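[1] when you get a sec, could you give me coordinates for this:
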Amino acid sequence: MSLFNRLHKNHMNLFLFVIILFWMKTYITYLIEFNLGIESGIQHFLLFINPLSSTLVFFGIALFFKGKGQTTVLMTMNIVLSILLYANVVYYRFFSDFITIPVIMQTKTNAGQLSDSALSLMSPFDIFYFLDSLILLGLILKRIYIPTVKAESKKAALIIATGLIVFFFNLALAEKDRPDLLSRSFDRAYLVKYLGTYNFTIYDGIQNVKSSSERAMADSNDITEIENYIKSHPTPPNMQYFGKAAGMNVIYISMESLQTFIIDYELNGMEVTPFLNSLTRDNHTFYFDHIYNQTGQGKTSDAEFIMDNALFPMAQGAVYVNKAQNTFHAMPAILKSHGYTSASFHGNYKTFWNRNEMYRSMGYDEFFDAEYYHLTDENTKNYGLKDKPFFDESIPLIKKLPEPFYAKFITLSNHFPFKMDEWDTDFPMAETNNNIVNQYFQSAHYMDEALEQFFHDMKKTDMYNRTVFVLYGDHHGISDNHNEAMSEIIGKEITPFEFLQLQKVPVFIHVPGLETENAESKLGGQVDVRSTVLHLLGIDSSKFIDFGSDLLSEGHREIIPLRNGDFVSPQVTMINEKFYDTESGELVEEPDDFKEFAEKARGQLERSDEVLQKDLLRFYKPKGFTPIDREDYQYIHPDEEGD
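    Have a look, this model is predicted:
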């Protein structure tokens, strides 16, 4: 007699069989797809049992229904949870992170644009993640699974109660192994390791509801505490450079997915980024090669947000999507009080990453999106206009801006999966067994050529000598799923410490006419760039809520928080609660000596999160600053005005 025939005698046996299949599928997925850093027997046990609680609760709901209603609910629960699991698998393959409720909301805005990246991460073997769903469907269609004609409320209540007991047992063990797991953890990998993907999604939903209620309850007293904290950690400007760029135009260039390791890297004897390499040796350029990206799930938009606002991005989701209606004291608004106009340039459409809404709140006067450029099949990638035509067609637009101006250019050619059209580059690929890594060198070289072209074209104008250029890598491009190939590239094993070193992104501040030879490249984060630039312009950043620290200041703070709660300092680096010597990468024997550093880093993240979640800047009125009324800003192409 077959297994199904034996189970067929009692549909509850089949029901439990379906639960076990789903449970085991989830557990196996955790082992083969996610790098969760299992370090002890108790953590492995928790990883094993955490899918069971949510499976029992959600599948148990089906027993409240009778007949076809029961099979319909059971099948629906299975498919929905399977899709959630698989979505996390695909998302993790690129971002090494887990999907949150805000990320799902972002998908409504960006799904079409991100389709190529998502497809490149899928595999035919992924049918495994729906194998149990197909088995369940077969059982139902062949009438092997036949529920009773009555609802089984008592059994349903018993199964759901068992699921809740398993959950609270799970949570108690998790809290014992990692105290304050739910209240202090910034790292989603910890939450998934201890609670599982399904329970994490429920927790994340609760956190989002909580965030909405916190805004409603906030008042001006909340911002006073933040203001006092900021003022108690001052970073006075370096007077050697303060005001040396006063009145100059400012151009920010977001260098998509550019990591610091690529600077001065040679492939087959050829420089990958010869133009950027030349800037590192330019005595009118401040080059910072120890800057860590501090982005979260918003990636490029997070980097934009950090640069403009000197706040940390959200732990879940993206500010650009989830907090676009907030009050901000961003660079365009600050500089507007000093006579500047502002504009953003991007070869994608204005709705991508909700920029058309976020820019209104930050006070951008102009937004030149894809509607202002000539897009063809040959000069576009999935994310919009390629970098060379983008910069080329932007020159006439920037010439029209009243000076002084603050302008931002968002590149996109060097985006995952990095594949280039053959007519765009003759630079060779790397020769690892990983196409993603191999193609990265071609797209990075192409972007470098586009940047050189832009500087060349700017020098033909009379704007160049009165413009500050700020070039920054927005986030890492190559995730830890490609560590094997990357270890060939950098010539060493990629440990957790070495992977963090790959999170460094280059920052260049080029100021024509200003000698920068004696400037020291300090340890920093993206949040430090705004105050550095403001001080060069002669604007005191201390009157704003600014979590950065001037990179040129002798008092620069060098405890650098990362969005997941880790931190870097000159002495020690914390990764997943482990402390490493920052110079050698060796584990520190007495980590208790540095736990105060961790508290300082997390203190900054918590206070910045409070500013965002409660929308506290609506209560803060810096002297001489004119608040932005987002209703004053609309981004309508001239051709649309006559419609």
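[2] C-alpha from now on. contacts and neighbour counts both.
    Fine.
[3] for the stretch 151-300 of the chain, which spans come out with low pLDDT?
    Low-confidence segments of the stretch 151-300 of the chain (pLDDT under 70): 183-187, 211.
[4] contacts made by the helix or strand encompassing residue 359 with the rest, please.
    Under the criterion of DSSP states H and E, residue 359 resides in helix 355-362. Contact partners of helix 355-362, identified using CA atoms under 8 Å, 6 or more residues apart in numbering, comprise 320-321, 324-333, 350-351, 367, 628-635.
[5] need the next SSE after that helix, C-terminal direction.
    Moving toward the C-terminus from helix 355-362, the next helix or strand (DSSP H and E) is strand 366-368.
[6] which ones are touching residue 330?
    Neighbours of residue 330 in contact, by CA under 8 Å, 6+ apart: 308-309, 362-363.
[7] what does residue 418 give?
    In this structure, residue 418 makes contact with 436, 439-440, 442-443, judged by CA under 8 Å, 6+ apart.
[8] please apply the same query to residue 293.
    303, 473-476, 503-505, 525-526, 562.
[9] how about a cut-off of 6 Å?
    Residues touching residue 293, when contacts are defined by CA atoms under 6 Å, 6 or more residues apart in numbering, comprise 475, 503-504, 526.
[10] next, count neighbours for residue 126.
    Other residues lying near residue 126 total 12 when counted by other CA atoms under 10 Å.
[11] my bad, should have said residue 124
    A total of 6 residues lie near residue 124 under the criterion other CA under 10 Å.
[12] now it: how far from residue 361?
    Separation of residue 124 from residue 361 (CA to CA, to the nearest Å) stands at 44 Å.
[13] need the phi and psi values for residue 344.
    Comment: the main-chain dihedrals of residue 344 come out as phi -120, psi 140, following degrees, to the nearest 10.
[14] so where do the helices sit in the stretch 51-200 of the chain?
    Along the stretch 51-200 of the chain, counting by DSSP state H, counting those that start in this stretch, helices occupy 67-95, 101-120, 131-141, 153-177, 181-184, 188-195, 197-217.
[15] and for the stretch 251-400 of the chain?
    With helices called from DSSP H, counting those that start in this stretch, the stretch 251-400 of the chain shows them at 274-280, 300-309, 319-322, 331-336, 355-362, 387-399.
[16] contact partners of stretch 601-616?
    Under CA under 6 Å, 6+ apart, the answer for stretch 601-616 is 211, 214-215, 218, 223, 311, 326, 561.
[17] what about it, average pLDDT?
    Here the mean pLDDT over stretch 601-616 is 94, rounded to a whole number.
[18] now do stretch 475-491
    Here the mean pLDDT over stretch 475-491 is 91, rounded to a whole number.
[19] over to stretch 421-434?
    When the per-residue pLDDT values of stretch 421-434 are averaged, the result is 93.
[20] buried residues, it. List them.
    Buried residues in stretch 421-434, counted by 16 or more other CA atoms under 10 Å: 427, 429-430.
[21] go on, stretch 157-175?
    Taking 16+ other CA under 10 Å as the neighbour-count basis, stretch 157-175 is seen to contain the buried residues 157, 159-164, 166-167, 170-171, 173-174.
[22] contacts for it next, please.
    Counting by CA under 6 Å, 6+ apart, the neighbours of stretch 157-175 from elsewhere in the structure are 53, 56-57, 60, 181, 194.
[23] could you check how far the closest residue to residue 195 other than its chain neighbours is from residue 23?
    Closest residue to residue 195 apart from its sequence neighbours, by CA to CA, 6 or more residues apart in numbering: residue 50 at 5.5 Å. Going from residue 50 to residue 23 by CA to CA gives 9 Å.
[24] so those two - more neighbours on which side?
    Higher neighbour count among residue 50 and residue 23: residue 50, with 27 against 22, using other CA under 10 Å.
[25] may I ask which of the contacts of residue 418 has the most neighbours?
    Each of these was scored by neighbour count (other CA under 10 Å); the top score is that of residue 443, with 29 neighbours.
[26] thought residue 477 was touching residue 259?
    No. With the criterion set as CA atoms under 6 Å, residue 477 and residue 259 do not qualify as a contacting pair; they are 7.1 Å apart.
[27] which pair of the contacts of stretch 601-616 spans the longest distance?
    Taking CA to CA as the measure, the contacts of stretch 601-616 span a maximum distance of 25.3 Å, between 218 and 561.
[28] so for those two, which residue has more residues nearby?
    Here residue 218 and residue 561 are compared on neighbour count by other CA under 10 Å; more neighbours surround residue 561, at 27 against 17.
[29] contacts only, for that one.
    Residues in contact with residue 561 (CA under 6 Å, 6+ apart) are 567, 601.
[30] and stretch 193-205, what's buried?
    Buried-residue list, stretch 193-205, by 16+ other CA under 10 Å: 193-201, 203-204.
[31] kindly report the same for stretch 28-40.
    Counting neighbours by 16+ other CA under 10 Å, one finds that the buried residues in stretch 28-40 are 29-30, 34, 36, 38.
[32] any idea of the mean pLDDT for that stretch?
    Averaging pLDDT along stretch 28-40 yields 86.
[33] contacting residues around stretch 123-138?
    By CA under 6 Å, 6+ apart, no residue outside stretch 123-138 reaches it.
[34] CA-only coordinates of it in CSV, if you can.
    Taking only C-alpha atoms (Å, rounded to 0.1, in the frame of the first residue of the first chain), the coordinates of stretch 123-138 have been written out as CSV:
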residue,chain,number,x,y,z
SER,A,123,17.0,29.2,-11.5
PRO,A,124,15.0,26.3,-13.0
PHE,A,125,15.9,24.3,-9.8
ASP,A,126,13.8,26.9,-7.8
ILE,A,127,10.7,24.7,-8.6
PHE,A,128,11.8,23.0,-5.3
TYR,A,129,10.3,26.0,-3.4
PHE,A,130,6.8,25.1,-4.8
LEU,A,131,7.2,21.3,-4.8
ASP,A,132,5.1,20.8,-1.7
SER,A,133,2.4,23.1,-3.2
LEU,A,134,2.3,20.9,-6.3
ILE,A,135,2.0,17.7,-4.1
LEU,A,136,-0.8,19.3,-2.2
LEU,A,137,-2.6,20.4,-5.4
GLY,A,138,-2.3,16.8,-6.7
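[35] from now on call the first residue 30
    That works, and once the first residue is 30, the last one we named lands at stretch 152-167.
[36] distance between it and the chain's centre?
    Taking CA atoms, centre = their mean, to the nearest Å, one finds the center of stretch 152-167 at 30 Å from the center of the full chain.
[37] and it, what's buried?
    Burial within stretch 152-167, assessed by neighbour count using 16+ other CA under 10 Å, is assigned to 158-159, 161-162, 165-166.
[38] could you dump those to TSV with distance to residue 316 and pLDDT?
    Compiled in TSV, these are given as follows (distance: CA to CA, whole Å; pLDDT from 0 to 100):
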residue	distance to residue 316	pLDDT
158	46	91
159	49	94
161	54	91
162	54	92
165	59	89
166	59	91
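[39] which of those lies closest to residue 586?
    residue 158 (46.6 Å).
[40] which residues are in contact with stretch 274-294?
    Taking CA under 6 Å, 6+ apart as the criterion, the residues outside stretch 274-294 that touch it are 300, 306, 433-441, 443, 495-506, 533-535, 565-567.
[41] good, wrapping up.
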